[in-house]
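S.K.: Need the 3D shape of this:
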Amino acid sequence: MERPGNCWLGVGHRCDRCYQMGLLHVYATGEIHSLIVDGSPRRTRWNWSQATNSVRISLFVPSASEGGLAGEFGMMLHLVRQLALCLALVVPATVKVRAQPGNPEPLSIDRQGYLFAGGKYLPSDSGRAMSGQLYAEFQIPAKQTHPWPIVMIHGGSQTGTNFTGTPDGREGWAQFFLRQGYAVYVVDQPGRGRAAYEPGRYGLASRVDLENTARRFVAPERFNLWPQAHLHTQWPGMGEPGDPVFDQFYASQVPSIENFTLQQTLNSDAIQALLEKIGPAILLTHSQSGAFGWPVADARVDLVKAILAVEPNGPPFFNVENVSGPEWYRDAPVQARPWGITAVHLTYDPLVSKASELVIARQEKPDGADLTRCWEQKSPPRQLPRLQRIPILIVTAEASYHAPYDHCTVKYLEQAGVASHVDQVGGNWHPRQRSHDDAGKKQPGDRTSNGEVVVNSVISCGKTRPIASTNCGGKLHTLSSSSWVRHWARDTKLN
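M.R.: Model prediction:
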């Protein structure tokens, strides 16, 4: 079939003119679920979905190093015109070009409110002041089907809004877990959001970096600072200032306490105080807060029923700095996590009184192409006996800057006696806010999943089975992202 502009479309057919000026992803209603378009030097995949009666379009123009940005706006208009011709062949006339958020059923909530936990009165320039407290907003579903609530702890430069919605107006993970029958507590860390910043106690705050937001979080495929960055496909918009979704996300960014060890001390104490108030719970950590979950679980095994660590702060010991390929990675000069996976004390066996007693060495070769070389303990490795008793699942995104090194955190835990693997979500970025397909409804263009999760197994005590498998040998499995939590909860007996 042919239309003006040399544009063909059909199963296995080509649409060259739509692609020759840049990378284009199309999401549309139709019978075609996946159309691979060949003949372009860049990735040219068309993803189709029947999940909604809508079309979402994301256009990505090549960077200056790939030919320049001259005429960017004109190229976009040209691509849209060509796209319209292609869509006319297969998309019903009732389809809308602009995707709109769905209208989920109203939440059924028995009780909701907030509380503060932790905090101490300490001297300040203006007299005594409280510092160290966190804020937690809770919702209890009318039909609570799971015994343990989920405590959601956001990462750096964020607040609890990371879990209560997405920048394009959809529900967040808080609502998802509520609908699954979990009570939910969403935290603002000390010094963040509704937990006031106390300058005399917290010191300097790191500023929010606009350029870093684009490089690391929103459009990593434009900068290619790590080998997996080109796999990013899930941002619902242009990913630059002026785009409504980008602006909403950037507006949610806030300064953070600059001292990383102080962050961990304050948050570990405050989270423990929260658990003492609400009782045993599941911790869902993300990024920076990943380093908080380990010491909390280590100190209060009785109150932490499980940890879901989404791209936890890492890798062990040294931060990874991105440099130009082919080297790609370089260790920071100073250890950020001298206790392995934290900057604060953990209980090792044999006992460790100071972090320098951990004897470590770096791998001579990485575990795979495009991965960093991990730091591990020298043999015989000391164990983490308290973490061995807690079910732990680590999830990372294939396009994130964590993709090259989250496996190192898993290896470190395994070496310390915590049987483990890392799970990957395809096409994604780092700030993990849920999408409709997490609830079993595939939504084209969502950021947190492209409809599949590549799963190895749970990280857990040795008796826990891998997700959807009875073999701990690392066999890969594909699950919808709505199911990994249910599988994990079932296999770790959290129901």
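S.K.: What's the local residue count around residue 335?
M.R.: Using other CB atoms under 10 Å, residue 335 is surrounded by 18 other residues. Every C-beta, even on glycine, is put in place using the N, C-alpha and C of the backbone.
S.K.: any idea what sits nearest it, other than its immediate chain neighbours?
M.R.: Spatial nearest neighbour of residue 335, excluding adjacent residues (CB to CB, 6 or more residues apart in numbering): residue 317 at 5.1 Å.
S.K.: Show me the beta-bridge partners of that neighbour.
M.R.: Beta-bridge partners for residue 317, by DSSP bridges, are residue 337.
S.K.: Contacts only, for residue 304.
M.R.: 275, 280, 281, 282, 283, 293, 296, 297, 390 (CB atoms under 8 Å, 6 or more residues apart in numbering).
S.K.: my guess is the last one meets residue 303, correct?
M.R.: If I follow you right, that is residue 390. No. Between residue 390 and residue 303 there is no contact, the gap being 10.4 Å when judged by CB atoms under 8 Å.
S.K.: Pick out whichever of the two has more residues nearby.
M.R.: When neighbours are counted by other CB under 10 Å, residue 390 comes out ahead of the other of residue 390 and residue 303, with 23 against 18.
S.K.: and the spatially closest residue to that one that is not a sequence neighbour, how far is that from residue 290?
M.R.: What sits nearest to residue 390 in space, not counting adjacent residues and going by CB to CB, 6+ apart, is residue 297, at 5.2 Å. Here the criterion is CB to CB, to the nearest Å. By it, residue 297 lies 11 Å from residue 290.
S.K.: which SS class is residue 249?
M.R.: Recorded secondary structure, residue 249: helix (DSSP: H, G, I helix; E, B strand; the rest coil).
S.K.: How about residue 200?
M.R.: helix.
S.K.: hang on, it packs against residue 127?
M.R.: No. Using CB under 8 Å, residue 200 is not in contact with residue 127; the gap is 10.7 Å.
S.K.: Of those two, which one has the most company?
M.R.: Each of residue 200 and residue 127 has its neighbours counted (other CB under 10 Å); residue 200 has more, 12 against 7.
S.K.: Which residue comes closest to that one once chain neighbours are left out?
M.R.: In space, and not counting its chain neighbours, residue 200 is closest to residue 124: 4.4 Å by CB to CB, 6+ apart.
S.K.: Find the helix or strand that residue 296 is a member of.
M.R.: helix 290-299 (DSSP states H and E).
S.K.: and what of residue 330?
M.R.: According to DSSP H and E, residue 330 maps onto strand 329-337.
S.K.: what comes up buried for that strand?
M.R.: Residues 329, 331, 335, 336, 337 are the ones in strand 329-337 that count as buried (16 or more other CB atoms under 10 Å).
S.K.: which strands and helices sit next to that strand?
M.R.: Packing contacts for strand 329-337, counted by 3 or more CB pairs under 8 Å, 6 or more residues apart in numbering; DSSP states H and E, involve strand 317-322.
S.K.: let's see it at 10 Å
M.R.: Contact partners of strand 329-337 among helices and strands, from 3 or more CB pairs under 10 Å, 6 or more residues apart in numbering; DSSP states H and E: helix 260-278, helix 290-299, strand 317-322, strand 375-377.
S.K.: Now do stretch 362-373, average pLDDT.
M.R.: The pLDDT scores in stretch 362-373 average 95.
S.K.: Then stretch 203-212?
M.R.: On average, stretch 203-212 scores 93.
S.K.: What residues of it count as buried?
M.R.: Applying 16+ other CB under 10 Å to stretch 203-212 flags 205, 208 as buried.
S.K.: ditto for stretch 242-259
M.R.: In stretch 242-259, counting by 16+ other CB under 10 Å, buried: 243, 245, 246, 249, 250, 252, 253, 254, 256, 257, 259.
S.K.: cool, and stretch 406-418?
M.R.: 406, 407, 408, 409, 410, 411, 412, 413, 415, 416, 417, 418.
S.K.: wait, is the fourth one part of a helix?
M.R.: Yes. Under three-state DSSP, residue 409 sits within a helix.
S.K.: now it, nearest residue through space, not along the chain?
M.R.: residue 314 is the one closest to residue 409 (CB to CB, 6+ apart), at 4.3 Å.
S.K.: That neighbour contacts residue 343, correct?
M.R.: No. Assessed by CB atoms under 10 Å, residue 314 is found out of contact with residue 343, at 11.7 Å.
S.K.: Could you tell me which residues touch both of these two?
M.R.: Common neighbours of residue 314 and residue 343, using CB atoms under 10 Å, 6 or more residues apart in numbering, are 291, 336, 337.
S.K.: where along this structure do the helices fall?
M.R.: Listed in chain order, the helices of the chain (DSSP state H) span 16-19, 72-90, 161-164, 173-179, 199-202, 210-212, 220-223, 244-251, 260-278, 290-299, 406-415, 484-491.
S.K.: Strands of the stretch 301-450 of the chain, residue ranges please.
M.R.: 304-310, 317-322, 329-337, 360-362, 375-377, 392-397, 422-425 (DSSP state E, counting those that start in this stretch).
S.K.: any idea how far residue 142 is from residue 184?
M.R.: In terms of CB to CB, residue 142 sits 13 Å off from residue 184.
S.K.: higher neighbour count, the two?
M.R.: residue 184 (28 against 11).
S.K.: surely the more buried one meets residue 175?
M.R.: Yes. In this structure residue 184 lies within contact range of residue 175 using CB under 10 Å: 8.3 Å.
S.K.: Now for those two: what residues contact both?
M.R.: Here residue 184 and residue 175 have 139, 163, 164 as joint contacts, going by CB under 10 Å, 6+ apart.
S.K.: Flag every buried residue along stretch 310-321.
M.R.: For stretch 310-321, a neighbour-count test (16+ other CB under 10 Å) marks 310, 311, 312, 313, 314, 315, 316, 317, 318, 319, 320 as buried.
S.K.: Leaving out the residues flanking it, which one is nearest to the third one?
M.R.: Sequence neighbours aside, residue 290 is the residue nearest to residue 312 in space, at 2.3 Å (criterion: CB to CB, 6+ apart).
S.K.: show me what contacts the closest residue to residue 213 other than its chain neighbours?
M.R.: The shortest distance from residue 213 to any non-neighbouring residue, by CB to CB, 6+ apart, is to residue 250 (5.8 Å). Contact partners of residue 250, counting by CB under 10 Å, 6+ apart, are 157, 167, 208, 210, 213, 214, 217, 218, 241, 243.
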